[in-house]
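*Asks:* Provided below are the primary sequence and the corresponding predicted coordinates.
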Amino acid sequence: MEKIFMLLTFIGVPLSVIGTLMHWPTMVLFIVYCVSIIALASYMGRATESLAIVAGPRIGGLLNATFGNAVELIISVFALKAGLVGVVLASLTGSVLGNLLLVAGLSFFIGGIKFKRQAFNVHDARHNSGLLMFAVIVAFVIPEVFAMEMNESKTLTLSIGISVILILLYLAALFFKLVTHRGVYQSEKSGVHHEEEPEWSKRKAIGVLLAATLAVAYISENLVHTFEYVAESFGWSELFIGVIIVAIVGNAAEHASAIVMAYKNKMDIAVEIAVGSTLQIAMFVLPVLVLISLFFTETMPLVFTMPELIAMVTSVLLMVVISNDGESNWFEGLTLLAAYVIMGIGFFLL
């Protein structure tokens with residue numbers, strides 16, 4: 001399997017560059033880009049696994065989520081510059097839904113088929129649940145409610161204030177988990193991974209992760225330009241593309257990594273990627289984009305459409321209820337996947 005992914009990478013990435021420069025047919029480029037991103041995702045997964053063995057599941061999962069979300073941040077900045085505020089908000093909504101329902105759901109489901117009962121750090125799960133509730137339910141719902149009684153200028157001022165608070169709290173959460181309370185809430189089996197031999201050294205793993213991320217960023221940016229043509233060909237709406245398609249492709253690398261970790265029964269890393277990535281999107285990427293939008297013609301207040309907001313709140317509540325016991329199985333995964341499909345149908349029909 002590794003040789004197949006290596007072959008797809010060394011063929012797909014050059015073809016992506018050549019096809020872009022030579023203006024190949026849009027549908028051909030769409031397929032080449034998607035295959036290349038999936039192939040690069042395997043390298044990001046292997047690099048994450050090596051880092052997790054050397055540095056622990058928290059740092060491994062955090063680095064994977066960070067590099068994965070860097071792609072999303074780059075694409076979103078270009079979209080904001082083009083004035084596509086609605087598409088940016090829709091794609092970030094899709095990232096939250098995709099990570100909490102699709103990635104976690106597939107991880108729980110595929111891992112649960114192989115292992116009847118899988119455990120992960122219950123303390124981390126409860127800590128993350130509190131942050132998820134705060135980020136999505138408090139920080140996203142409040143601007144929506146207050147914006148009803150405010151003009152655009154005041155709504156933007158409120159969004160800026162909330163964005164700054166979210167970024168500061170996210171940095172404080174990292175400091176809490178990685179510095180002041182590192183190792184305080186260890187799970188019983190957390191020492192198991194350190195007995196393994198990493199495939200790559202820390203330096204090589206970070207180098208591969210960085211190179212793969214840059215390649216994914218380049219291909220993803222070009223892939224976004226094919227969506228309009230593909231949407232017209234299949235009759236998809238702009239909202240559906242933003243919430244479902246852009247989000248899945250933009251996060252393909254971390255999606256693959258989390259599922260592979262779950263299949264290997266490394267649930268601490270899988271959950272850290274899925275939930276950690278969601279927290280990073282909600283508490284760092286989105287607030288940063290709100291602040292960056294101030295430098296462009298069209299600003300982006302922290303106000304979502306009602307379907308986007310309700311979908312995010314529902315997914316957070318479902319994930320909190322399912323993950324708070326620190327255990328997972330295939331049926332819980334199937335429940336998360338079912339919720340994702342229901343929301344996907346809803347956004348498709350809007």
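*Replies:* Looks like it came in fine.
*Asks:* What part of the chain, helix or strand, is modelled with the least confidence?
*Replies:* In the chain, no helix or strand scores lower on mean pLDDT, DSSP states H and E than helix 247-250, which sits at a mean of 70.
*Asks:* what comes into contact with it?
*Replies:* Defining contact as C-beta atoms under 8 Å, 6 or more residues apart in numbering, one finds that helix 247-250 is touched by 34, 37, 71-72, 75, 91-95, 97-98, 102, 220, 223, 255. The C-beta positions use only the backbone N, C-alpha and C, and glycine is treated the same way.
*Asks:* Would you pull up how far that helix lies from the middle of the chain?
*Replies:* Mean-position distance between helix 247-250 and its chain equals 8 Å (C-alpha atoms, centre = their mean, to the nearest Å).
*Asks:* which other helices and strands contact the next helix or strand along the chain from it?
*Replies:* Downstream of helix 247-250, the first helix or strand assigned by DSSP states H and E is helix 252-263. Packing contacts for helix 252-263, counted by 3 or more C-beta pairs under 8 Å, 6 or more residues apart in numbering; DSSP states H and E, involve helix 26-55, helix 57-81, helix 104-114, helix 202-224, helix 267-280.
*Asks:* who wins for proximity to residue 340 among those helices?
*Replies:* Residue 340 sits nearest to helix 104-114 of all those, at 6.2 Å, using C-beta to C-beta.
*Asks:* out of the contacts of helix 247-250, who has the most neighbours?
*Replies:* residue 94 (32 neighbours; other C-beta atoms under 10 Å).
*Asks:* Shouldn't it be within a strand?
*Replies:* No. Looking at residue 94 with DSSP: H, G, I helix; E, B strand; the rest coil, it is helix, so not inside a strand.
*Asks:* That one reaches residue 244, doesn't it?
*Replies:* Yes. Between residue 94 and residue 244 there is a contact under C-beta atoms under 8 Å: 5.9 Å.
*Asks:* which of the residues in stretch 26-34 are buried?
*Replies:* 26, 29-30, 32-34 (16 or more other C-beta atoms under 10 Å).
*Asks:* Dump the residues you listed to TSV, plus distance to residue 205 and pLDDT.
*Replies:* Shown next, in TSV, are the buried residues of stretch 26-34 (distance: C-beta to C-beta, whole Å; pLDDT from 0 to 100):
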residue	distance to residue 205	pLDDT
26	35	90
29	30	92
30	30	88
32	27	92
33	25	89
34	25	82
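*Asks:* so which of those residues comes closest to residue 141?
*Replies:* Nearest to residue 141 among the buried residues of stretch 26-34, counting by C-beta to C-beta, is residue 34 at 34.5 Å.
*Asks:* Was I right to think that closest one contacts residue 223?
*Replies:* Yes. Residue 34 lies in contact with residue 223 (C-beta under 8 Å); the separation is 7.2 Å.
*Asks:* on that earlier part again, among the buried residues of stretch 26-34, find me the one that's closest to residue 327.
*Replies:* Closest approach to residue 327 among those (C-beta to C-beta): residue 34, at 34.0 Å.
*Asks:* now the closest one: how far from residue 161?
*Replies:* 39 Å (C-beta to C-beta, to the nearest Å).
*Asks:* need the strands for the stretch 251-350 of the chain, in chain order.
*Replies:* With DSSP state E, counting those that start in this stretch as the criterion, the stretch 251-350 of the chain has strands at 327-328.
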